[in-house]
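In: return atomic coordinates for the entry below.
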Amino acid sequence: MTISLRKARKIISTALVKGQEMGLKPLSVVVVDAGGHTIAFERQDGASPGRYAIAHGKANGCVMLGLPGSAIQTRADAQAYFVGALNGLYGGDFVPVQGGVLVKDAKGNTLGAVGVTGDTSENDAAVAVAGIEAAGLIAQA
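Out: Below you'll find the model as predicted:
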């Protein structure tokens with residue numbers, strides 16, 4: 001199973017609405033498949049153009065390591081040299097903070113990830129979870 005374009009769009013639209021409800025800064029949201037390839041992306045008006053790379057780096061890190069952004073951030077805090085090496089290995093497409101959330105199916109299979117950027121990392125993760133759950137999938141933040 002993969003994340004369909006319809007579900008990816010649902011994830012993004014719900015995440016953006018949730019961000020507006022929470023009064024967050026303009027957000028950018030990307031949905032990637034299990035190989036880190038972009039399925040869909042949106043950037044709200046007012047979000048800086050460089051936000052795609054940040055959102056993708058959060059999501060890509062999750063699928064490449066099979067870990068949620070919170071676990072990657074914990075690892076970065078404990079072993080900055082190791083996480084720095086990973087960033088080099090992944091060509092700079094790796095942002096080791098919250099806001100990257102794994103997307104799983106009911107059997108626990110990883111389908112991809114969502115990366116959100118624009119507000120605090122914690123708020124980014126919260127809206128990603130809301131979007132994933134609205135699409136009927138399981139979020140691992």
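
In: all strands of this protein, in order?
Out: 28-33, 38-43, 100-104, 110-117, 138-140 (DSSP state E).

In: how about those strands in a markdown table, adding mean pLDDT?
Out: Putting those into a markdown table (pLDDT from 0 to 100) gives the following:
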| stretch | mean pLDDT |
| --- | --- |
| strand 28-33 | 98 |
| strand 38-43 | 98 |
| strand 100-104 | 98 |
| strand 110-117 | 98 |
| strand 138-140 | 98 |
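
In: would you turn those into a markdown table with mean neighbour count and distance to Asp124?
Out: (Each C-beta comes from the backbone N, C-alpha and C, glycine too.) Formatted as a markdown table, those follow (neighbours: other CB atoms under 10 Å; distance: least, CB to CB, whole Å):
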| stretch | mean neighbour count | distance to Asp124 |
| --- | --- | --- |
| strand 28-33 | 27 | 9 |
| strand 38-43 | 19 | 13 |
| strand 100-104 | 28 | 9 |
| strand 110-117 | 29 | 4 |
| strand 138-140 | 19 | 13 |
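
In: so which residue is dead centre in this structure?
Out: What sits nearest the mean C-alpha location of the chain, by CA atoms, centre = their mean, is Gly115, with 1.8 Å.

In: measure that one to Pro96 for me?
Out: As judged by CB to CB, to the nearest Å, Gly115 and Pro96 stand 12 Å apart.

In: for the two, list the residues in contact with both.
Out: Jointly contacting Gly115 and Pro96 under the rule CB atoms under 8 Å, 6 or more residues apart in numbering is no residue at all.
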